[in-house]
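> return atomic coordinates for the entry below.
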Amino acid sequence: MSGHGDPILMTARKSAALHGVAEVPGDKSISHRALILGALSVGRTEITGLLEGQDVLDTAKAMRAFGATVTRNGPGDWTVEGVGVGGFAEPEDVIDCGNSGTGVRLIMGCMATSGITATFTGDASLRKRPMGRVTDPIALFGARAVGRQGGRLPMTIVGAADPVPVSYTTPMPSAQVKSAVLLAGLNAPGQTVVTEREATRDHTERMLRGFGADIRVEETAEGRVITLQGQPELTGQKVAVPRDPSSAAFPVCAALIVPGSDILVPGVSQNPTRNGLFTTLVEMGADITFENLREEGGEPVADLRVRSSALHGIAVPPERAASMIDEYPVLSVVAACATGTTVMRGVKELRVKESDRIDAMARGLEACGVTIEEDQDTLIVHGLGAGNVPGGATCATHIDHRIAMSFLVLGLASQAPISVDDGSPIATSFPAFEGLMVGLGAQITRGA
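Predicted coordinates for the structure are as follows:
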């Protein structure tokens, strides 16, 4: 499937029990960062388990455009010969980041303190997303940004020839913004300090430390304070990418709502800044056991044994949102199949993802016969109980991979089939989704 090709109508039908091993792809967040930090390092970085979705492939292409040598040796096996901090060359052409907000924002950050100019664009979805949240803080380093009205792509970044260090408090819980500022701080003299009032995924901090950066994290009354010493020499590393909890969410949630299911999802990251969904599902009554807890590539991982469960609605604590922001769409599907009401507050960041995910899920769930309530920062789903979702709709994905996969999961447990108008964006993050789910026994087909 291609996130940039013709629309692909896909349909999911009520399925028999799911069984087997679901080997989900490598973590997308870590894959992006491994390529970028490999490019900013001296020497060779060897990456295993890299996610080969379109988002990450676009980042690999961008790193080549900035002068790094990026080579695919086999499935998930890549090497990067870096150019060092401050060593980026000026690209000869526009950098197309496809559908990836993470890719474009992190790359803007890491080139913002080099004296080069680069122009960025993306697909129709990415061109709608706000970039001011990154261009505002990188301007403090001395970079300049010129884009479309509303701070949207296409956009040209003129890097700071003489950058200055920055102290910045993130105005919203966003790992992308935090990471962009830290990556910009790499080539600025002195200390760059980022304060976040709510902790977000910490892959950038972990990986910077692993590549040799002098970085310190403190918990204070003001929040989480990250201090980075600028202009280090990063050294190429061996990076083993754990499996993506955001991708694991789909087979996990499918197994919970399809009666009789019993699956194993091995090697899934259990980073505490990413595992909010699994905590929430257990609170809803999910039968999930975390087996063989271990550490791989500096990240905690576990094998998840998941069995179908009788689920009940809960109020999800708003402070948990940052640790599961990408999983709310599929959580709303689980909530539709649970008994009682599930309340999700503190989720306004969903409004500015690949689509307005609150609106997309609300409209799709309503079309499938589920009652919902929403406001700018809230989604409330009134569950119908196991097997009681009518289904029978074709849901709009809005070029959003997680919306597509979420409604296909719901179709596996609804009374009538559920279609999505375009499954092609799934390739951006989980190109093996269709084959993996069918391999477990899911009834997912192309066409009506």
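> quick check: residue 60 touching residue 35?
Yes - Residue 60 sits in contact with residue 35 when judged by C-beta atoms under 8 Å, with a separation of 5.5 Å. (Each C-beta comes from the backbone N, C-alpha and C, glycine too.)
> now do the shared contacts for these two.
70, 78 (C-beta atoms under 8 Å, 6 or more residues apart in numbering).
> of those two, who's got more company?
Between residue 60 and residue 35, residue 35 has the larger neighbour count (other C-beta atoms under 10 Å), namely 29 against 25.
> need the contact list for that one.
47, 50, 56, 59, 60, 63, 70, 78, 80 are the contacts of residue 35 under C-beta under 8 Å, 6+ apart.
> ditto for residue 86
Counting by C-beta under 8 Å, 6+ apart, residue 86 has contacts 113, 114, 186, 187, 231.
> give me the buried positions along stretch 163-174.
By 16 or more other C-beta atoms under 10 Å, the buried positions in stretch 163-174 come out as 163, 165, 166, 168, 170, 173, 174.
> format those residues as JSON lines; extra columns: distance to residue 256 and secondary structure.
Listed next are the buried residues of stretch 163-174 as JSON lines, based on distance: C-beta to C-beta, whole Å; DSSP: H, G, I helix; E, B strand; the rest coil:
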{"residue": "163", "distance to residue 256": "48", "secondary structure": "coil"}
{"residue": "165", "distance to residue 256": "47", "secondary structure": "coil"}
{"residue": "166", "distance to residue 256": "44", "secondary structure": "coil"}
{"residue": "168", "distance to residue 256": "40", "secondary structure": "strand"}
{"residue": "170", "distance to residue 256": "33", "secondary structure": "coil"}
{"residue": "173", "distance to residue 256": "27", "secondary structure": "coil"}
{"residue": "174", "distance to residue 256": "29", "secondary structure": "coil"}
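> could you work out the most separated pair of the residues you listed?
Within the buried residues of stretch 163-174, two members stand farthest from each other by C-beta to C-beta: 163 and 173, at 25.6 Å.
> max pairwise distance over the contacts of residue 86: which two?
Checking the contacts of residue 86 with C-beta to C-beta, the most distant pair is 114 and 231, at 11.8 Å.
> now the nearest residue to residue 390 once chain neighbours are set aside: which helix or strand?
Leaving aside its sequence neighbours, residue 390 sits nearest to residue 369 (C-beta to C-beta, 6 or more residues apart in numbering; 3.4 Å). Assessed by DSSP states H and E, residue 369 sits outside every helix and strand.
> need the contact list for residue 369.
384, 389, 390, 391, 392.
> buried among those residues? Need that as a selection in ChimeraX.
In ChimeraX, this line selects whichever of those come out buried by 16+ other C-beta under 10 Å:
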select :384,389,391
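> can you tell me which of the contacts of residue 369 are in strands?
Members of those lying in strands (criterion: DSSP state E): residue 384.
> which one of the contacts of residue 369 is nearest residue 126?
residue 391 (30.6 Å).
> for the closest one, which non-adjacent residue is spatially closest?
Closest to residue 391 by C-beta to C-beta, 6+ apart is residue 414, at 2.9 Å.
> what does residue 440 give?
residue 18 (4.3 Å).
> so what pLDDT did the one you found get?
Predicted confidence (pLDDT) for residue 18: 98.
> thought it was touching residue 256?
No - taking contacts as C-beta under 8 Å, residue 18 lies outside contact range of residue 256: 9.8 Å.
> neighbour-wise, which of the two wins?
Higher neighbour count among residue 18 and residue 256: residue 256, with 29 against 25, using other C-beta under 10 Å.
> can you pull the contacts of that one?
Neighbours of residue 256 in contact, by C-beta under 8 Å, 6+ apart: 281, 286, 287, 306, 307, 308, 309, 311, 334.
> quickly list the domain ranges of this protein.
Following automatic domain parsing, one finds the domains of the chain at 10-26+242-446, 28-240.
> between the two ends of the shortest one, what distance do you get?
Read it as domain 28-240. 13 Å (C-alpha to C-alpha, to the nearest Å).
> quick one on the thing from earlier: which among the contacts of residue 35 gets closest to residue 419?
Using C-beta to C-beta, the contacts of residue 35 come closest to residue 419 at residue 56, 27.8 Å.
> hang on, the earlier thing: tell me which of the contacts of residue 35 fall in helices.
Those of those mapping onto helices are 56, 59, 60, 63, per DSSP state H.
> so where is the stretch 1-150 of the chain shaky, pLDDT-wise?
Residue ranges of the stretch 1-150 of the chain with pLDDT under 70: 1-5.
> ok, back up a step: TSV for the contacts of residue 369, including pLDDT?
Shown next, in TSV, are the contacts of residue 369 (pLDDT from 0 to 100):
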residue	pLDDT
384	98
389	98
390	98
391	98
392	98
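> for this protein, what spans make up the helices?
28-39, 54-65, 101-111, 132-141, 175-185, 203-210, 245-257, 276-283, 328-337, 357-367, 401-411, 433-440.
> in a markdown table, list these along with distance to residue 11.
Output for the helices of the chain, formatted as a markdown table (distance: least, C-beta to C-beta, whole Å):
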| stretch | distance to residue 11 |
| --- | --- |
| helix 28-39 | 26 |
| helix 54-65 | 23 |
| helix 101-111 | 28 |
| helix 132-141 | 37 |
| helix 175-185 | 33 |
| helix 203-210 | 35 |
| helix 245-257 | 15 |
| helix 276-283 | 25 |
| helix 328-337 | 16 |
| helix 357-367 | 14 |
| helix 401-411 | 7 |
| helix 433-440 | 11 |
